[in-house]
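Q: Based on what follows, work out the 3D shape:
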Amino acid sequence: METKIYRTYEEAAQVYLTQFRALREAPSSASAAVARGAAGIPVETLIERANEIADVSASMVPLAKGYLAAPDPSLREGISGQLLAQAAAELQVAMELLQSAADEATGPTATATRATRGVSLRDAIDSMEKVMAVPVSAGLVVPAMARRTTISQDTPQAARQALQRAAIVSAGAISQRVVEVGGDLAFNLVFKTEWTAVIQGAGLLNQDIARLLDQLKEGASELIQRSLTAATKTVLNVFDKILALLGKDVENQARTQIQKWLADIQKAGKIELFEQLVGKLYKKDKFEKDLPGWVEKTTANVDRINATTKEVVVVSDKFTVLVGRINTVGDVIGLARFIQTQFPQVLVISTAVQVALLTVLVYAGYDYIGYKQVEFLNLTKGVAEVIRENLAI
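A: Down below sits the predicted model:
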(Lines give C-alpha, C1' and ligand atoms only; values in the text may rest on other atoms or scores of the structure.)
Protein backbone atom coordinates (compact mmCIF):
# COMPACT_ATOMS: atom_id res chain seq x y z
CA MET A 1 0.00 0.00 0.00
CA GLU A 2 1.39 3.37 -1.02
CA THR A 3 1.80 5.82 1.86
CA LYS A 4 -0.20 9.00 1.34
CA ILE A 5 1.68 12.27 1.65
CA TYR A 6 -0.17 15.08 3.45
CA ARG A 7 0.71 18.69 2.81
CA THR A 8 -0.46 20.06 6.16
CA TYR A 9 -1.23 18.86 9.66
CA GLU A 10 -4.86 19.91 9.18
CA GLU A 11 -5.23 17.84 6.02
CA ALA A 12 -3.89 14.76 7.80
CA ALA A 13 -6.07 15.50 10.85
CA GLN A 14 -9.25 15.41 8.76
CA VAL A 15 -8.41 11.95 7.42
CA TYR A 16 -7.39 10.86 10.92
CA LEU A 17 -10.74 11.92 12.38
CA THR A 18 -12.64 10.21 9.55
CA GLN A 19 -10.87 6.94 10.30
CA PHE A 20 -11.62 7.20 14.02
CA ARG A 21 -15.29 7.88 13.31
CA ALA A 22 -15.39 4.81 11.10
CA LEU A 23 -13.98 2.77 13.98
CA ARG A 24 -16.49 4.16 16.46
CA GLU A 25 -19.39 3.49 14.10
CA ALA A 26 -18.21 0.04 12.98
CA PRO A 27 -21.07 -2.50 13.14
CA SER A 28 -20.83 -4.98 15.97
CA SER A 29 -21.18 -8.70 15.66
CA ALA A 30 -23.17 -10.82 18.06
CA SER A 31 -22.00 -14.06 16.43
CA ALA A 32 -19.93 -16.29 18.66
CA ALA A 33 -18.09 -17.45 15.52
CA VAL A 34 -16.67 -13.99 14.93
CA ALA A 35 -13.71 -12.83 17.03
CA ARG A 36 -14.85 -9.71 18.82
CA GLY A 37 -13.07 -6.73 20.25
CA ALA A 38 -14.43 -3.63 21.94
CA ALA A 39 -18.24 -3.47 22.11
CA GLY A 40 -18.47 -6.48 19.81
CA ILE A 41 -16.48 -4.90 16.94
CA PRO A 42 -15.08 -7.80 14.90
CA VAL A 43 -11.32 -8.06 15.41
CA GLU A 44 -10.77 -8.04 11.65
CA THR A 45 -12.49 -4.64 11.49
CA LEU A 46 -10.55 -3.38 14.51
CA ILE A 47 -7.24 -4.38 12.92
CA GLU A 48 -8.14 -2.80 9.59
CA ARG A 49 -9.24 0.49 11.14
CA ALA A 50 -6.29 0.58 13.53
CA ASN A 51 -3.83 0.16 10.66
CA GLU A 52 -5.46 3.00 8.73
CA ILE A 53 -5.38 5.26 11.79
CA ALA A 54 -1.75 4.37 12.49
CA ASP A 55 -0.67 5.19 8.94
CA VAL A 56 -2.13 8.70 8.98
CA SER A 57 -1.08 9.25 12.60
CA ALA A 58 2.57 8.59 11.75
CA SER A 59 2.43 11.37 9.14
CA MET A 60 1.01 13.85 11.67
CA VAL A 61 3.98 13.84 14.03
CA PRO A 62 6.50 15.55 11.69
CA LEU A 63 3.79 17.98 10.56
CA ALA A 64 2.95 18.82 14.17
CA LYS A 65 6.60 19.63 14.95
CA GLY A 66 6.28 22.79 12.89
CA TYR A 67 3.69 24.05 15.36
CA LEU A 68 5.78 22.94 18.34
CA ALA A 69 8.59 25.18 17.08
CA ALA A 70 6.33 28.13 16.19
CA PRO A 71 7.09 31.59 17.69
CA ASP A 72 3.41 32.00 18.65
CA PRO A 73 2.86 30.30 22.04
CA SER A 74 -0.82 29.72 21.23
CA LEU A 75 0.21 27.37 18.43
CA ARG A 76 2.55 25.48 20.73
CA GLU A 77 -0.14 25.20 23.38
CA GLY A 78 -2.78 24.09 20.90
CA ILE A 79 -0.69 21.37 19.28
CA SER A 80 0.50 20.02 22.64
CA GLY A 81 -3.11 19.59 23.76
CA GLN A 82 -4.07 17.89 20.51
CA LEU A 83 -1.14 15.48 20.54
CA LEU A 84 -2.00 14.37 24.08
CA ALA A 85 -5.67 13.85 23.17
CA GLN A 86 -4.61 11.79 20.14
CA ALA A 87 -2.21 9.77 22.29
CA ALA A 88 -5.04 8.88 24.69
CA ALA A 89 -7.37 7.73 21.91
CA GLU A 90 -4.67 5.78 20.07
CA LEU A 91 -3.44 4.16 23.27
CA GLN A 92 -7.01 3.00 23.91
CA VAL A 93 -6.99 1.38 20.46
CA ALA A 94 -3.61 -0.24 21.18
CA MET A 95 -4.86 -1.65 24.48
CA GLU A 96 -7.90 -3.10 22.72
CA LEU A 97 -5.71 -4.72 20.06
CA LEU A 98 -3.47 -6.24 22.72
CA GLN A 99 -6.47 -7.42 24.73
CA SER A 100 -7.98 -8.96 21.60
CA ALA A 101 -4.73 -10.82 20.99
CA ALA A 102 -4.74 -12.04 24.59
CA ASP A 103 -8.38 -13.14 24.26
CA GLU A 104 -7.54 -15.07 21.10
CA ALA A 105 -4.67 -16.80 22.92
CA THR A 106 -6.44 -17.65 26.19
CA GLY A 107 -10.16 -17.38 25.49
CA PRO A 108 -12.53 -14.38 25.31
CA THR A 109 -13.21 -12.08 28.22
CA ALA A 110 -16.68 -11.70 29.65
CA THR A 111 -19.30 -9.83 27.64
CA ALA A 112 -19.58 -7.20 30.37
CA THR A 113 -15.82 -6.60 30.25
CA ARG A 114 -15.91 -6.17 26.48
CA ALA A 115 -18.81 -3.74 26.78
CA THR A 116 -16.93 -1.66 29.37
CA ARG A 117 -13.89 -1.49 27.12
CA GLY A 118 -16.16 -0.50 24.24
CA VAL A 119 -17.58 2.41 26.21
CA SER A 120 -14.05 3.52 27.12
CA LEU A 121 -13.00 3.39 23.47
CA ARG A 122 -15.98 5.43 22.31
CA ASP A 123 -15.47 7.95 25.12
CA ALA A 124 -11.80 8.34 24.15
CA ILE A 125 -12.74 8.97 20.53
CA ASP A 126 -15.44 11.46 21.52
CA SER A 127 -13.05 13.38 23.79
CA MET A 128 -10.36 13.48 21.13
CA GLU A 129 -12.86 14.77 18.54
CA LYS A 130 -13.90 17.61 20.85
CA VAL A 131 -10.29 18.62 21.42
CA MET A 132 -9.47 18.57 17.72
CA ALA A 133 -12.59 20.55 16.83
CA VAL A 134 -10.76 23.57 18.30
CA PRO A 135 -8.19 25.03 15.85
CA VAL A 136 -4.57 24.71 16.90
CA SER A 137 -4.30 28.50 16.70
CA ALA A 138 -6.81 28.86 19.55
CA GLY A 139 -4.33 27.34 21.99
CA LEU A 140 -5.55 25.57 25.11
CA VAL A 141 -9.09 26.78 25.68
CA VAL A 142 -10.06 27.10 29.35
CA PRO A 143 -13.73 26.24 30.02
CA ALA A 144 -15.73 29.20 31.29
CA MET A 145 -16.48 27.51 34.62
CA ALA A 146 -12.76 26.89 35.20
CA ARG A 147 -11.58 30.44 34.53
CA ARG A 148 -10.38 32.46 37.49
CA THR A 149 -11.44 36.08 37.56
CA THR A 150 -9.21 39.05 38.28
CA ILE A 151 -10.15 42.52 39.48
CA SER A 152 -8.55 45.50 37.75
CA GLN A 153 -6.81 47.93 40.09
CA ASP A 154 -7.00 51.72 39.90
CA THR A 155 -3.51 52.75 41.05
CA PRO A 156 -0.04 51.61 39.93
CA GLN A 157 0.90 50.40 43.42
CA ALA A 158 -2.30 48.37 43.87
CA ALA A 159 -1.87 46.90 40.39
CA ARG A 160 1.73 45.89 41.17
CA GLN A 161 0.67 44.20 44.39
CA ALA A 162 -2.15 42.35 42.62
CA LEU A 163 0.24 41.17 39.92
CA GLN A 164 2.72 39.93 42.48
CA ARG A 165 0.01 37.97 44.34
CA ALA A 166 -1.31 36.49 41.09
CA ALA A 167 2.17 35.40 40.01
CA ILE A 168 2.89 33.68 43.32
CA VAL A 169 -0.48 31.94 43.35
CA SER A 170 -0.20 30.84 39.70
CA ALA A 171 3.34 29.49 40.05
CA GLY A 172 2.32 27.74 43.25
CA ALA A 173 -0.74 26.18 41.61
CA ILE A 174 1.32 24.91 38.67
CA SER A 175 3.93 23.41 40.98
CA GLN A 176 1.28 21.82 43.18
CA ARG A 177 -0.48 20.18 40.22
CA VAL A 178 2.83 18.65 39.16
CA VAL A 179 3.48 17.40 42.69
CA GLU A 180 0.00 15.87 42.96
CA VAL A 181 -0.30 14.25 39.54
CA GLY A 182 3.40 13.54 39.09
CA GLY A 183 3.63 12.21 42.64
CA ASP A 184 0.93 9.64 41.85
CA LEU A 185 2.69 8.62 38.64
CA ALA A 186 6.05 8.35 40.41
CA PHE A 187 4.53 6.41 43.33
CA ASN A 188 2.97 3.86 40.98
CA LEU A 189 6.24 3.46 39.11
CA VAL A 190 8.48 3.14 42.18
CA PHE A 191 6.31 1.33 44.67
CA LYS A 192 3.65 -0.50 42.63
CA THR A 193 5.62 -1.65 39.59
CA GLU A 194 8.31 -4.29 39.37
CA TRP A 195 11.50 -2.23 39.68
CA THR A 196 13.37 -4.15 36.96
CA ALA A 197 10.56 -3.23 34.57
CA VAL A 198 10.95 0.45 35.51
CA ILE A 199 14.70 0.35 34.91
CA GLN A 200 14.23 -1.40 31.58
CA GLY A 201 11.24 0.68 30.45
CA ALA A 202 12.64 4.09 31.37
CA GLY A 203 15.29 3.95 28.68
CA LEU A 204 13.34 2.25 25.89
CA LEU A 205 13.54 3.61 22.37
CA ASN A 206 11.09 2.99 19.53
CA GLN A 207 13.06 0.05 18.17
CA ASP A 208 13.07 -1.54 21.63
CA ILE A 209 9.28 -1.32 21.88
CA ALA A 210 8.90 -2.84 18.42
CA ARG A 211 11.28 -5.67 19.35
CA LEU A 212 9.38 -6.51 22.55
CA LEU A 213 6.04 -6.66 20.75
CA ASP A 214 7.56 -8.75 17.96
CA GLN A 215 8.51 -11.33 20.58
CA LEU A 216 4.82 -11.91 21.26
CA LYS A 217 4.28 -13.09 17.70
CA GLU A 218 6.41 -16.22 18.10
CA GLY A 219 4.19 -19.26 17.64
CA ALA A 220 1.04 -17.12 17.60
CA SER A 221 -1.86 -17.50 15.19
CA GLU A 222 -2.10 -15.33 12.09
CA LEU A 223 -4.89 -13.26 13.67
CA ILE A 224 -2.84 -12.61 16.82
CA GLN A 225 0.16 -11.62 14.74
CA ARG A 226 -1.90 -9.12 12.76
CA SER A 227 -3.38 -7.67 15.96
CA LEU A 228 0.11 -7.28 17.39
CA THR A 229 1.42 -5.65 14.21
CA ALA A 230 -1.34 -3.03 14.34
CA ALA A 231 -0.78 -2.56 18.07
CA THR A 232 2.95 -2.02 17.52
CA LYS A 233 2.38 0.71 14.94
CA THR A 234 -0.16 2.36 17.24
CA VAL A 235 2.00 2.28 20.39
CA LEU A 236 4.99 3.68 18.48
CA ASN A 237 2.88 6.61 17.29
CA VAL A 238 1.72 7.26 20.86
CA PHE A 239 5.31 7.19 22.09
CA ASP A 240 6.43 9.55 19.31
CA LYS A 241 3.68 12.05 20.10
CA ILE A 242 4.52 12.16 23.79
CA LEU A 243 8.26 12.48 23.19
CA ALA A 244 7.71 15.19 20.54
CA LEU A 245 6.52 17.49 23.34
CA LEU A 246 9.94 17.36 25.00
CA GLY A 247 11.70 19.10 22.15
CA LYS A 248 14.10 18.10 19.43
CA ASP A 249 17.16 16.03 20.36
CA VAL A 250 16.78 16.43 24.14
CA GLU A 251 14.04 13.95 25.02
CA ASN A 252 16.57 11.30 26.11
CA GLN A 253 18.32 13.78 28.40
CA ALA A 254 15.00 14.75 29.98
CA ARG A 255 13.94 11.12 30.46
CA THR A 256 17.33 10.29 31.95
CA GLN A 257 16.83 13.03 34.54
CA ILE A 258 13.42 11.67 35.54
CA GLN A 259 14.83 8.15 35.62
CA LYS A 260 17.43 9.38 38.12
CA TRP A 261 14.66 10.96 40.20
CA LEU A 262 12.80 7.65 40.30
CA ALA A 263 15.99 5.84 41.35
CA ASP A 264 16.58 8.42 44.12
CA ILE A 265 12.99 7.98 45.37
CA GLN A 266 13.35 4.21 45.28
CA LYS A 267 16.60 4.40 47.24
CA ALA A 268 15.13 6.81 49.81
CA GLY A 269 11.97 4.74 50.11
CA LYS A 270 9.69 7.78 50.33
CA ILE A 271 7.63 9.57 47.70
CA GLU A 272 7.96 12.89 49.56
CA LEU A 273 11.32 13.30 47.85
CA PHE A 274 9.48 13.95 44.58
CA GLU A 275 8.14 17.27 45.86
CA GLN A 276 11.64 18.32 46.96
CA LEU A 277 13.07 17.46 43.54
CA VAL A 278 10.34 19.45 41.78
CA GLY A 279 10.98 22.44 44.04
CA LYS A 280 14.71 22.34 43.35
CA LEU A 281 14.16 22.18 39.59
CA TYR A 282 11.52 24.92 39.41
CA LYS A 283 13.40 27.39 41.68
CA LYS A 284 10.04 28.77 42.77
CA ASP A 285 11.50 30.29 45.95
CA LYS A 286 14.08 32.24 43.94
CA PHE A 287 11.38 33.39 41.56
CA GLU A 288 9.32 34.75 44.47
CA LYS A 289 12.40 36.61 45.77
CA ASP A 290 13.09 38.19 42.36
CA LEU A 291 9.46 39.07 41.73
CA PRO A 292 9.12 42.18 43.97
CA GLY A 293 12.16 43.78 42.33
CA TRP A 294 10.76 43.13 38.85
CA VAL A 295 7.36 44.57 39.68
CA GLU A 296 8.67 47.67 41.45
CA LYS A 297 11.06 48.56 38.62
CA THR A 298 8.47 48.55 35.87
CA THR A 299 7.37 51.82 34.30
CA ALA A 300 4.30 50.18 32.69
CA ASN A 301 0.98 51.97 33.21
CA VAL A 302 -1.91 50.59 35.25
CA ASP A 303 -3.74 49.11 32.27
CA ARG A 304 -0.65 47.22 31.16
CA ILE A 305 -0.05 45.83 34.64
CA ASN A 306 -3.70 44.79 35.02
CA ALA A 307 -3.58 43.05 31.62
CA THR A 308 -0.42 41.22 32.68
CA THR A 309 -2.12 40.03 35.86
CA LYS A 310 -4.97 38.54 33.85
CA GLU A 311 -2.52 36.84 31.49
CA VAL A 312 -0.58 35.35 34.40
CA VAL A 313 -3.77 33.86 35.83
CA VAL A 314 -4.68 32.37 32.45
CA VAL A 315 -1.29 30.61 32.25
CA SER A 316 -2.16 28.64 35.38
CA ASP A 317 -5.66 27.88 34.10
CA LYS A 318 -4.24 26.56 30.82
CA PHE A 319 -1.84 24.34 32.69
CA THR A 320 -4.80 22.77 34.48
CA VAL A 321 -6.28 21.93 31.07
CA LEU A 322 -2.98 20.42 29.93
CA VAL A 323 -2.70 18.31 33.08
CA GLY A 324 -6.21 17.02 32.42
CA ARG A 325 -5.03 15.77 29.02
CA ILE A 326 -1.97 14.15 30.62
CA ASN A 327 -4.21 12.48 33.21
CA THR A 328 -6.37 11.01 30.46
CA VAL A 329 -3.35 9.33 28.87
CA GLY A 330 -2.28 8.06 32.29
CA ASP A 331 -5.70 6.52 32.89
CA VAL A 332 -5.45 4.54 29.65
CA ILE A 333 -1.98 3.27 30.58
CA GLY A 334 -3.62 1.78 33.67
CA LEU A 335 -5.51 -0.65 31.43
CA ALA A 336 -2.23 -2.42 30.68
CA ARG A 337 -2.41 -4.27 33.99
CA PHE A 338 -5.23 -6.41 32.57
CA ILE A 339 -3.01 -7.51 29.66
CA GLN A 340 0.43 -7.95 31.18
CA THR A 341 -0.47 -11.29 32.82
CA GLN A 342 -0.73 -12.84 29.37
CA PHE A 343 1.91 -10.61 27.77
CA PRO A 344 4.59 -9.64 30.35
CA GLN A 345 6.35 -7.45 27.76
CA VAL A 346 3.40 -5.04 27.97
CA LEU A 347 4.47 -4.10 31.51
CA VAL A 348 7.84 -2.82 30.29
CA ILE A 349 6.23 -0.97 27.38
CA SER A 350 3.55 0.67 29.52
CA THR A 351 6.27 1.68 31.98
CA ALA A 352 8.20 3.37 29.16
CA VAL A 353 5.09 5.37 28.24
CA GLN A 354 4.50 6.29 31.90
CA VAL A 355 8.05 7.57 32.35
CA ALA A 356 7.76 9.62 29.15
CA LEU A 357 4.43 11.04 30.35
CA LEU A 358 5.87 11.90 33.76
CA THR A 359 8.79 13.63 32.03
CA VAL A 360 6.41 15.75 29.94
CA LEU A 361 4.42 16.68 33.05
CA VAL A 362 7.48 17.74 35.06
CA TYR A 363 9.07 19.81 32.32
CA ALA A 364 5.74 21.28 31.19
CA GLY A 365 5.27 22.60 34.73
CA TYR A 366 8.78 24.03 34.60
CA ASP A 367 7.95 25.70 31.28
CA TYR A 368 4.61 27.09 32.49
CA ILE A 369 6.32 28.77 35.45
CA GLY A 370 8.97 29.94 32.99
CA TYR A 371 11.69 30.94 35.45
CA LYS A 372 15.19 30.20 34.09
CA GLN A 373 14.04 26.90 32.60
CA VAL A 374 16.38 24.73 30.60
CA GLU A 375 15.73 24.05 26.93
CA PHE A 376 13.90 20.75 27.21
CA LEU A 377 10.57 21.95 25.93
CA ASN A 378 8.85 25.22 25.14
CA LEU A 379 5.10 24.70 25.05
CA THR A 380 4.02 28.14 26.24
CA LYS A 381 5.05 31.54 27.55
CA GLY A 382 5.41 30.93 31.28
CA VAL A 383 4.41 33.11 34.23
CA ALA A 384 7.85 34.67 34.63
CA GLU A 385 8.22 35.18 30.87
CA VAL A 386 4.84 36.93 30.63
CA ILE A 387 5.80 39.36 33.41
CA ARG A 388 9.26 40.15 32.08
CA GLU A 389 8.09 40.59 28.49
CA ASN A 390 4.91 42.58 29.20
CA LEU A 391 6.56 44.90 31.68
CA ALA A 392 9.80 45.29 29.67
CA ILE A 393 11.97 43.96 32.50
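Q: Going by C-alpha atoms from here, please, whenever you check contacts or count neighbours.
A: Fine.
Q: tell me which residues in stretch 270-286 are buried?
A: 271, 273, 274, 275, 278, 279, 282, 284 (16 or more other Cα atoms under 10 Å).
Q: quick one: which of these sit in strands?
A: Judged by DSSP state E, strands contain none of these.
Q: Residue 100: which of the residues you listed is nearest?
A: Proximity of these to residue 100 (Cα to Cα) peaks at residue 271, which lies at 35.6 Å.
Q: Could you report the pLDDT at that closest one?
A: For residue 271, the pLDDT comes out at 96.
Q: Please identify the buried residues of the longest helix along the chain?
A: Longest among the helix segments of the chain by residue count, using DSSP state H, is helix 73-106. By neighbour count on 16+ other Cα under 10 Å, the buried set for helix 73-106 is 73-104.
Q: Show me what the mean pLDDT comes to for that helix.
A: 93.
Q: for it, the distance to its chain's centre please.
A: 10 Å (Cα atoms, centre = their mean, to the nearest Å).
Q: ok, back up a step: among the buried residues of stretch 270-286, which has the minimum pLDDT value?
A: Among the buried residues of stretch 270-286, residue 284 has the weakest pLDDT, 92.
Q: For residue 258, see how far away the residue nearest to that residue when sequence neighbours are not counted is.
A: Excluding the flanking residues, the one nearest residue 284 by Cα to Cα, 6 or more residues apart in numbering is residue 171, at 7.3 Å. In this view, residue 171 and residue 258 are 21 Å apart by Cα to Cα, to the nearest Å.
Q: Below-threshold pLDDT in the stretch 51-200 of the chain: ranges please.
A: For the stretch 51-200 of the chain, applying pLDDT under 70 flags the ranges 107-118, 146.
Q: still on that earlier bit, same for the longest helix of the chain, what does it pack against?
A: Secondary-structure packing of helix 73-106 (3 or more Cα pairs under 8 Å, 6 or more residues apart in numbering; DSSP states H and E): helix 43-68, helix 111-132, helix 222-244, helix 302-333.
Q: related to what we said a few turns ago, for the residue nearest to residue 284, phi and psi?
A: Dihedral angles of residue 171 (phi, psi; degrees, to the nearest 10) stand at phi -60, psi -40.
Q: When residue 171 and residue 258 are compared, which one has more neighbours?
A: residue 171 (27 against 22; other Cα atoms under 10 Å).
Q: got the contact list for that one?
A: By Cα atoms under 8 Å, 6 or more residues apart in numbering, the contact set of residue 171 is 284, 316, 369, 383.
Q: Identify the residue with the minimum pLDDT among these.
A: residue 284 (92).
Q: what's the distance between it and residue 156?
A: 25 Å.
Q: Next, count neighbours for the nearest residue to residue 234 once chain neighbours are set aside.
A: Once flanking residues are discounted, residue 234 sits nearest to residue 54: 5.4 Å by Cα to Cα, 6+ apart. Neighbourhood size, residue 54 [other Cα under 10 Å]: 24.
Q: check contacts around residue 54.
A: Taking Cα under 8 Å, 6+ apart as the test, what residue 54 contacts is 230, 233, 234, 237.
Q: ok, now residue 51?
A: Residue 51 neighbours (Cα under 8 Å, 6+ apart): 230, 233, 234.
Q: quick one: which of the residues you listed is most hemmed in?
A: residue 234 (27 neighbours).
Q: pretty sure that residue contacts residue 92?
A: No. Residue 234 lies out of contact with residue 92 (Cα atoms under 8 Å); the separation is 9.6 Å.
Q: which residue lies farthest from the center of the protein?
A: Distance from the C-alpha centroid of the chain peaks at residue 155, with 41.6 Å (Cα atoms, centre = their mean).
Q: and that one, backbone torsions?
A: phi -120, psi 150.
Q: Wait, it touches residue 301, no?
A: No. Checked against Cα under 8 Å, the pair residue 155 and residue 301 is beyond contact range at 9.1 Å.
Q: Can you get me a residue count around residue 370?
A: 23.
Q: which ones are touching it?
A: 381, 382, 383, 384, 385.
Q: do the same with residue 74
A: 136, 137, 138, 139, 140, 380 are the contacts of residue 74 under Cα under 8 Å, 6+ apart.
Q: Just give me the closest of these to residue 336.
A: Looking across the contacts of residue 74 and measuring by Cα to Cα, the closest to residue 336 is residue 140, at 28.7 Å.
Q: what's near enough to touch the nearest residue to that closest one once chain neighbours are set aside?
A: Spatial nearest neighbour of residue 140, chain neighbours left out: residue 78 (5.3 Å); criterion: Cα to Cα, 6+ apart. By Cα under 8 Å, 6+ apart, the contact set of residue 78 is 135, 136, 137, 138, 139, 140.
Q: Good, we can wrap up now.
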